[in-house]
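> I'll drop the sequence and a predicted model, then ask my questions.
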Amino acid sequence: MGRNAVLRRIDMKLAPLLLVASFALTSCATTFSGTPTDGPQAGQVVRFFPSMASKVNESQWLLQIQGRIYEPAEASQFRQGLVKAFALRVHPSGDPEIYRRRAGLFLSDSQGNAVVTVEIGGKSVRLPPSDAAGYFSGKVLMTDAEAKSFAKEGVITFESLPAGGNQERFTGTVVLVPDKGLTVVTDMDDTIKQTCVLDRDKMLANTFSNEFRDVPGMADLYRSWETTYGPGIHFHVVSAGPWQLNEPLAEFVIAKNFPVFTWDMRSIDIPNIQAGLQELTDQSKDRIRDFKIEKIRALMQRFPDRHVILVGDSAERDPEAYQQIRSEFENRVDAIYIRKVPEECQKEDRRDYASLPLRLFSDPAELPRSAPNRDGRGIAETGRW
């Protein structure tokens with residue numbers, strides 16, 4: 001379907017006026033005062049993000065619960081108008097239903113200063129208030145006996161409690177990650193999902209209107225590592241993308257048969273179209289690098305006895321971010337694998353990869369099929385790379 005047909009089906013009658021209105025809100029910062037509001041209120045949605053639990057000691061686990069509370073775009077005439085106006089800037093050319101859903105999530109109305117209460121392990125836990133982007137994160141202590149009794153195949157399920165006239169219960173999960181083992185830290189865009197982040201038009205189309213496409217062979221590679229390493233392996237996504245797009249991305253990795261992931265993404269408030277476009281197209285590569293370093297460093301500190309493999313791509317600053325982590329935790333970074341982004345998505349890359357302690361690959365088939373050990377070789381391999 002061509003671009004014009006998509007725009008007609010999206011109905012652009014109010015778009016110009018709403019586009020101007022959205023720009024007028026650009027400088028409006030969100031501040032909170034007063035008592036937080038219990039949520040979710042009527043019409044609000046809670047999306048929990050798969051998170052990790054870590055051992056505190058032999059008898060206790062620390063569970064992280066994270067999520068986002070928001071009002072869907074379809075519940076607001078103004079937000080529906082923003083979705084229509086956003087199409088003027090994004091130029092969707094694929095399935096209009098895909099565009100409407102993803103743009104609606106991207107431009108959904110964040111509910112800041114909201115408190116969600118969850119029921120987990122037979123306890124009611126009131127979580128810290130959400131930030132301006134609707135993102136919240138809290139910690140829950142659980143005994144080892146409780147964790148084992150409530151977990152099914154290493155995963156604890158919980159749900160939100162009704163509040164403010166909203167009787168719906170939203171479900172989330174926490175994965176019990178052993179204190180020793182191997183964590184595969186993976187990027188998303190251009191590492192396991194074809195996005196072309198350096199090409200603005202392709203990136204917008206692949207984010208909002210095209211079916212998500214996996215990088216061929218990456219799911220099989222991760223599954224092979226999972227099989228060869230055994231139960232001590234865990235897969236964790238560190239992506240600079242906004243939490244607003246977690247839901248379709250989580251559906252994508254399940255559909256493509258990737259292993260179970262836990263997630264770190266960025267908490268970004270997107271109150272209007274200009275903020276959304278800036279978030280998508282004007283990201284500082286150094287800011288993205290620093291975000292990834294911060295999240296991976298926290299992961300390394302939280303699990304001091306686990307080793308990691310870092311998998312990313314050449315499109316942005318993964319090599320530099322991963323090298324920084326290696327410099328801080330050299331004895332625990334077993335391998336760094338960087339996918340070379342195709343030329344149609346990256347015209348020129350002048351970095352001297354030969355001087356960096358990493359392995360560059362174009363096809364996942366070039367990498368070991370068994371989980372790499374300390375020097376980057378597969379468990380069953382001999383010789384260097």
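It's in. Residues are numbered from 1 along each chain as shown.

> run the chain-centre distance for stretch 161-170.
25 Å (CA atoms, centre = their mean, to the nearest Å).

> next, the buried residues of that stretch.
For stretch 161-170, the neighbour count (16 or more other CB atoms under 10 Å) marks 161, 163, 166, 170 as buried. Every residue, glycine included, has its C-beta placed from N, CA and C.

> what do you get for stretch 44-59?
Result for stretch 44-59 [16+ other CB under 10 Å]: buried residues 44-55.

> what's the answer for stretch 246-261, then?
246-250, 252-253, 256, 258-259, 261.

> of the residues you listed, which belong to strands?
Using DSSP state E, the subset of the buried residues of stretch 246-261 located in strands is F261.

> let's have the buried residues of stretch 246-261 in TSV, adding pLDDT and distance to R302.
TSV is the format used below for the buried residues of stretch 246-261 (pLDDT from 0 to 100; distance: CB to CB, whole Å):
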residue	pLDDT	distance to R302
N246	98	20
E247	98	25
P248	98	28
L249	98	23
A250	98	22
F252	98	26
V253	98	22
K256	98	28
F258	98	23
P259	98	20
F261	98	17
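
> pretty sure I338 is touching D313, no?
Yes: proximity of I338 to D313 meets the contact threshold set by CB atoms under 8 Å, at 6.2 Å.

> for this protein, what helix or strand is lowest in average pLDDT?
Within the chain, no helix or strand scores below helix 15-24, which has a mean of 36 by mean pLDDT, DSSP states H and E.

> need the next SSE after it, C-terminal direction.
Remark: after helix 15-24, the chain's next helix or strand is strand 37-39, criterion DSSP states H and E.

> roughly how far is that following strand from the heart of the chain?
25 Å.

> if we can go back for a sec, restricted to strands, list the buried residues of stretch 44-59.
Secondary structure from DSSP E places 45-49, 51-55 of the buried residues of stretch 44-59 in strands.

> what's the closest of the residues you listed to R359?
M52 (26.5 Å; CB to CB).

> quick one: the closest one from L221, how far?
Per CB to CB, to the nearest Å, M52 is found 22 Å from L221.

> could you do Q323 as well?
22 Å.

> the two: who's more crowded?
Here Q323 and L221 are compared on neighbour count by other CB atoms under 10 Å; more neighbours surround L221, at 23 against 18.

> so the more buried one makes contact with E366?
No: between L221 and E366 there is no contact under CB under 8 Å: 9.9 Å.

> ranges for the helices of the stretch 51-200 of the chain?
77-90, 96-106, 144-150, 200-208 (DSSP state H, counting those that start in this stretch).

> select, out of these, the one closest to R68.
If we rank these by CB to CB, the stretch that ends up nearest is helix 96-106, at 9.9 Å.

> flag every buried residue along the closest one.
96, 98-106.

> name the residues of stretch 281-297 that come out as buried.
For stretch 281-297, using 16+ other CB under 10 Å, the buried residues are 283, 288-289, 291-293, 295-296.

> so which of the residues you listed is the closest to H91?
Q283 (19.6 Å).

> what ranges do the strands span in the stretch 251-385 of the chain?
Using DSSP state E, counting those that start in this stretch, the strands found in the stretch 251-385 of the chain span residues 261-266, 306-313, 333-339, 359-361.
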